[in-house]
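Engineer: missing the sequence, but the structure's below:
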Ligand code: F6P
């Protein structure tokens, strides 16, 4: 058998442990491989922090959120001698192949390392579902369920108090979580980052809803930007990494609605609750299938590839595809949803 290293990088995502379990079980039992878990994304191979993963280690993790290996956003290309460090760790531990589970950043590093001769297979992961190379990523379905449940709960309190409720969901570049949870929860307005939104139009839908004696629910993605409002929203709103802070647009929009319509309104920022806790059955199945196919790719020596869902089949695509394009929501999908707004 081979010695196969595995790591999870970037934001955590429900289903990561299910991938690790599938890799470990199939790797050991079917292929007689040894599995080594590197800690905290690329930090593990950079600093040589590694633990063997055995069958017992993955026994009770299938339904557990987060990642048993830990994660980080460390990028070896931003470190002095990062690549040399990784090569040294892999050589010291006699690692024959590496499986990197991550989003755009982690897989971007994997692709570059693959170009430098390191045998790598990628597994895509993000709750945002915004990777073009795969039809779905695990974690997305769980995030949509959590946001939908929140909308259902917020609706009863909004109705009781005759208030507008703005629900801010995750999605910096793509509005998939906003669109799907908004449709599933019967939101009265859905706003994504793909297209500037008009506050005036939002207020028209809000008023129309109040006129019918119902309370409006407005779902807004964290990355959504009002017409002409980018500067207003982003001034002073960036964190140390240059990311726009969660909660910026939701809070701003609730205040704007109150001022313009005279109706009471509240903002709820779901934030990291959308990434926490147990994965849905759909995500467990997808994560498990990705894990099984990733260890197959390693076994076949098919490196520089990534597993992906195309329709209902798990296929292998070039690692480069993971970072080639962001899959945003086609504008037509918002337009068709408009029939249900207000
Ligand atoms: O990519 C997943 C994601 O949850 C995005 O939806 C969000 O913009 C970002 O990560 C939040 O990052 P952090 O966990 O570092 O605050």
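Structural biologist: Yes, it's here. A quick note: this is a predicted structure, and the numbers were derived from the prediction, not measured.

Engineer: going forward, measure contacts and count neighbours with C-alpha atoms only.
Structural biologist: Fine.

Engineer: which residue ranges of the stretch 51-200 of the chain form helices?
Structural biologist: Assigned by DSSP state H, counting those that start in this stretch, the helices in the stretch 51-200 of the chain fall at 82-92, 104-115, 140-161, 176-184, 199-211.

Engineer: need the ones you listed in CSV with mean pLDDT, distance to the ligand and mean neighbour count, can you?
Structural biologist: CSV is the format used below for these (pLDDT from 0 to 100; distance: least, Cα to the nearest ligand atom, whole Å; neighbours: other Cα atoms under 10 Å):
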stretch, mean pLDDT, distance to the ligand, mean neighbour count
helix 82-92, 96, 22, 17
helix 104-115, 96, 9, 21
helix 140-161, 98, 9, 20
helix 176-184, 98, 9, 24
helix 199-211, 97, 22, 17
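
Engineer: want to try TSV for those helices, with distance to residue 48 as columns?
Structural biologist: Formatted as TSV, the helices of the stretch 51-200 of the chain follow (distance: least, Cα to Cα, whole Å):
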stretch	distance to residue 48
helix 82-92	5
helix 104-115	17
helix 140-161	31
helix 176-184	36
helix 199-211	51
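
Engineer: nearest to residue 170, out of the ones you listed?
Structural biologist: Closest approach to residue 170 among the helices of the stretch 51-200 of the chain is made by helix 176-184 (6.8 Å; Cα to Cα).

Engineer: now for that closest one, which elements pack on it?
Structural biologist: Here helix 176-184 touches helix 140-161, strand 189-191, strand 217-221, going by 3 or more Cα pairs under 8 Å, 6 or more residues apart in numbering; DSSP states H and E.

Engineer: pull the residues that contact that helix.
Structural biologist: For helix 176-184, contacts defined as Cα atoms under 8 Å, 6 or more residues apart in numbering pick out 128-130, 140, 143-145, 147-148, 151, 169-171, 188-192, 219-221, 328-329, 334, 337.

Engineer: repeat that with 6 Å
Structural biologist: Here helix 176-184 makes contact (Cα atoms under 6 Å, 6 or more residues apart in numbering) with 144, 147-148, 221.

Engineer: kindly report the same for stretch 322-338.
Structural biologist: 104, 130-133, 174.

Engineer: determine which two of those residues are furthest apart.
Structural biologist: It's 133 and 174 that sit farthest apart of the contacts of stretch 322-338, by Cα to Cα, at 14.7 Å.

Engineer: for residue 5, helix, strand, or coil?
Structural biologist: strand (DSSP: H, G, I helix; E, B strand; the rest coil).

Engineer: show me the contacts for it.
Structural biologist: 35-37, 98 are the contacts of residue 5 under Cα under 6 Å, 6+ apart.

Engineer: now with 8 Å?
Structural biologist: 35-38, 95-99.

Engineer: separation between it and the ligand?
Structural biologist: 24 Å (Cα to the nearest ligand atom, to the nearest Å).

Engineer: run through the residues of this protein sitting next to the ligand.
Structural biologist: Within the chain, the residues that sit near the ligand (Cα under 6 Å from any ligand atom) are 11, 126-128, 170-172.

Engineer: make TSV from those residues and add neighbour count to it.
Structural biologist: Converted to TSV, the residues of the chain next to the ligand look like this (neighbours: other Cα atoms under 10 Å):
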residue	neighbour count
11	20
126	24
127	26
128	27
170	29
171	24
172	19
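
Engineer: okay, those in a markdown table with pLDDT next?
Structural biologist: Formatted as a markdown table, the residues of the chain next to the ligand follow (pLDDT from 0 to 100):
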| residue | pLDDT |
| --- | --- |
| 11 | 95 |
| 126 | 96 |
| 127 | 97 |
| 128 | 96 |
| 170 | 96 |
| 171 | 94 |
| 172 | 90 |
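
Engineer: got a markdown table for those residues, with distance to residue 115 too?
Structural biologist: Converted to a markdown table, the residues of the chain next to the ligand look like this (distance: Cα to Cα, whole Å):
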| residue | distance to residue 115 |
| --- | --- |
| 11 | 24 |
| 126 | 23 |
| 127 | 27 |
| 128 | 27 |
| 170 | 32 |
| 171 | 30 |
| 172 | 29 |
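
Engineer: all the strands of the stretch 1-150 of the chain, residue numbers only.
Structural biologist: For the stretch 1-150 of the chain, the strands defined by DSSP state E, counting those that start in this stretch occupy 3-8, 34-38, 50-53, 97-102, 120-124.

Engineer: most packed of these?
Structural biologist: Highest mean neighbour count of these: strand 120-124, a mean of 29 (counted as mean count of other Cα atoms under 10 Å).

Engineer: pLDDT on that strand, on average?
Structural biologist: Mean per-residue pLDDT for strand 120-124: 98.

Engineer: what strands flank that strand, and is each parallel or antiparallel?
Structural biologist: strand 97-102 (parallel), strand 305-310 (parallel) (DSSP bridges).

Engineer: what is the distance between it and the centre of its chain?
Structural biologist: With Cα atoms, centre = their mean, to the nearest Å as the basis, strand 120-124 stands 16 Å off its chain's centre.

Engineer: hmm, who's touching it?
Structural biologist: By Cα under 8 Å, 6+ apart, strand 120-124 touches 97-103, 107, 110, 113-114, 131, 134, 137, 290-291, 294, 297-298, 302-308, 319, 322.

Engineer: equivalent analysis for stretch 104-117, please.
Structural biologist: Outside stretch 104-117, the residues that touch it by Cα under 8 Å, 6+ apart are 9-10, 41-42, 73, 75-77, 83, 100-101, 120, 122, 124, 131, 303-304, 319-320, 322-323.
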